[in-house]
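Q: prediction below, plus the sequence it came from.
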Amino acid sequence: MLDIDKLIDKNKIKYSLYVEDLNNNEVLLNINTKKSVPSASMIKIFILAEAFNQIFQDKFMIEKTVRIKHENIVSGSLIKNLSSYCYSIKDIIFLMMNLSDNTATNEMIDILGMENINNFIHKHGLKETVINRKMMDFDKLEQGFDNTTSSRDIIYILKKIYYKDLYNSDYCDEIMNIMGKQVDNRMMARNIDKSKTKIYHKTGNLSNLNHDAGIVSLGNKDYLFCMLTWDGIDNIYGRKIIGDISEKVYNYFVKAYGE
């Protein structure tokens with residue numbers, strides 16, 4: 001089946017891992033999925049979900065234009081290098097998800113309301129996910145407030161989106177379209193033939209912590225891959241491990257179902 005023991009040195013990294021065949025709901029790997037860990041940029045999946053929840057409720061339009069104040073720009077942001085700070089909600093979502101822009105993320109938190117994001121998470125019964133601070137808010141982090149999640153919670157949201165069971169099908173399709181434009185392909189996508197495969201995913205990185213989760217489509221078959229890693233010896237090893245295991249899973253599905 002899927003033996004990953006030879007690929008990973010458990011003395012060098014901790015991880016959770018989940019793989020599911022979405023065509024028959026067969027779970028192939030399910031390891032430490034309830035473990036709560038720092039979310040890094042994976043929290044942006046839940047911010048995205050609440051954004052479309054509010055759009056679905058007609059609280060604002062995705063084409064609405066907002067201006068980001070210069071004093072709100074933080075590090076880890078492409079926006080600080082651009083000449084304009086005026087963007088549509090759709091642009092801000094793209095920057096948040098596909099370039100993992102932290103200023104764009106903080107703007108979305110302000111627009112949506114942190115309490116509303118947490119209410120959305122709670123309403124769906126997600127036990128390990130919470131947003132307690134904005135991106136790059138190290139004062140809050142030093143006070144013990146961090147954003148956390150688990151593979152189990154990420155899996156839940158991704159499956160809701162995939163099966164078009166979160167809002168209506170058009171909004172779920174739009175979320176999939178956004179996630180299909182991910183720029184960071186250093187982990188689960190690094191060893192996959194992207195000319196024959198479509199990957200809809202989100203990544204997250206902190207020091208000695210690397211995450212990647214999403215849907216992989218082979219055209220005729222789809223599967224869900226989620227791997228969160230922490231306490232790694234370094235980020236190079238973390239990204240490589242996710243890439244190696246993702247490649248093994250990909251080859252399993254190609255062999256089982258054909259390209």
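A: Received it, and whenever you're ready, just let me know what you need. Numbering: from 1, shown residues only.
Q: can you show me the strands along the stretch 151-259 of the chain?
A: 198-206, 209-217, 222-230 (DSSP state E, counting those that start in this stretch).
Q: how's this structure carved up into domains?
A: Split into domains by automatic domain parsing, the chain comes to 1-35+185-259, 36-149.
Q: quick check: mean pLDDT across the top helix by length along the chain?
A: Identified as the longest helix of the chain according to DSSP state H is helix 235-257. Taken as a whole, helix 235-257 carries a mean pLDDT of 95.
Q: likewise for stretch 2-22?
A: Averaging pLDDT residue by residue across stretch 2-22 gives 94.
Q: pull up the distance across that stretch, start to finish.
A: Distance between the two ends of stretch 2-22: 16 Å, counting by Cα to Cα, to the nearest Å.
Q: just give me the neighbour total for the nearest residue to Val74 once chain neighbours are set aside.
A: Spatially, and ignoring its direct neighbours in sequence, Val74 is nearest to Met136 (4.2 Å; Cβ to Cβ, 6 or more residues apart in numbering). Just so you know, the C-beta spots here come from the backbone N, C-alpha and C atoms, and that holds for glycine as well. Residues lying near Met136 (other Cβ atoms under 10 Å) number 16.
Q: please report how far the residue nearest in space to the middle of the chain lies from Asn251.
A: Centroid-nearest residue in the chain, with Cα atoms, centre = their mean: Lys202, separated by 3.3 Å. From Lys202 across to Asn251, the span is 23 Å (Cβ to Cβ, to the nearest Å).
Q: tell me how far Asn102 lies from Val74.
A: 5 Å.
Q: which residues do those two both contact?
A: 135-136 (Cβ atoms under 8 Å, 6 or more residues apart in numbering).
Q: and those two? Which one has more around it.
A: Remark: of Asn102 and Val74, Asn102 carries more neighbours, 24 against 16, as counted by other Cβ under 10 Å.
Q: residues contacting the more buried one?
A: Asn102 makes contacts with 74-77, 135-136, as judged by Cβ under 8 Å, 6+ apart.
Q: tell me which of those residues is nearest to Ile109?
A: Nearest to Ile109 out of the contacts of Asn102 is Met135 (Cβ to Cβ; 8.2 Å).
Q: for the closest one, give me phi and psi.
A: phi -70, psi 140 (degrees, to the nearest 10).
Q: next, the contact list for it, please.
A: Here Met135 is in contact with 74, 76, 102-103, 105-106 (Cβ under 8 Å, 6+ apart).
Q: 10 Å - rerun?
A: Neighbour list for Met135: 40-41, 43-44, 74-77, 96, 100-106, 109, 147 [criterion: Cβ atoms under 10 Å, 6 or more residues apart in numbering].
Q: restricted to strands, list those.
A: Among those, DSSP state E puts none in strands.
Q: mind listing the helices for this structure?
A: Applying DSSP H to the chain gives helices spanning 43-56, 89-98, 102-112, 114-123, 138-142, 151-162, 169-179, 235-257.
Q: how about the ones you listed, which one is nearest Lys14?
A: With Cβ to Cβ, the closest approach to Lys14 among the helices of the chain belongs to helix 235-257: 10.1 Å.
Q: isn't the residue nearest to the centre of the chain up against Asn185?
A: No. Using Cβ atoms under 10 Å, Lys202 makes no contact with Asn185, being 11.8 Å away.
Q: report the rounded mean pLDDT for stretch 193-208.
A: Rounded mean pLDDT across stretch 193-208 is 94.
Q: please point out which parts of it sit buried.
A: For stretch 193-208, the buried set under the neighbour-count rule, 16 or more other Cβ atoms under 10 Å, comprises 197, 199-205, 208.
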